[in-house]
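Novice: What follows is a protein structure lacking sequence information:
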């Protein structure tokens, strides 16, 4: 598994948008993204996402860590 970089919530959201997730709403400090057939991601709008949370978001999105790093670029 590739080493994940430290990313903000906004950077992670931009990466997930590249694979079809669409921003649906914002509840408090969480951005809600949906993609038909995959589900919903609740991404906190923080300067740095915790590594465990980032891994969970990547898993829930159905991509690998390597693919996520590629999407960040």
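Specialist: Cool, the structure landed. This one's a predicted model, so the numbers in the text were calculated from it and none came from an experiment.

Novice: what ranges do the strands span in this structure?
Specialist: Assigned by DSSP state E, the chain shows strands spanning 22-27, 30-35, 39-44.

Novice: Quick one: work out the angle between the last one and strand 22-27.
Specialist: Spelled out, it's strand 39-44. Here strand 39-44 runs at an angle of 50 degrees relative to strand 22-27 (axes from the mean of the first three to the mean of the last three Cα atoms, to 10 degrees).

Novice: neighbouring strands for strand 39-44, and are they parallel or not?
Specialist: Next to strand 39-44 in the sheet, as set by DSSP bridges, lie strand 30-35 (antiparallel).

Novice: buried sites along the strand it pairs with?
Specialist: 31, 33, 35 (16 or more other Cβ atoms under 10 Å). For every residue, glycine as well, the C-beta is placed using N, CA and C.

Novice: repeat for stretch 42-56
Specialist: 43-44, 49, 54.

Novice: And the furthest pair within the residues you listed?
Specialist: The distance between the two most remote of these (Cβ to Cβ) is 10.4 Å, for 44 and 54.

Novice: picking that back up, mind putting the strands of the chain into a markdown table with distance to residue 67 and mean pLDDT?
Specialist: Listed next are these as a markdown table, based on distance: least, Cβ to Cβ, whole Å; pLDDT from 0 to 100:
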| stretch | distance to residue 67 | mean pLDDT |
| --- | --- | --- |
| strand 22-27 | 19 | 96 |
| strand 30-35 | 14 | 97 |
| strand 39-44 | 15 | 97 |
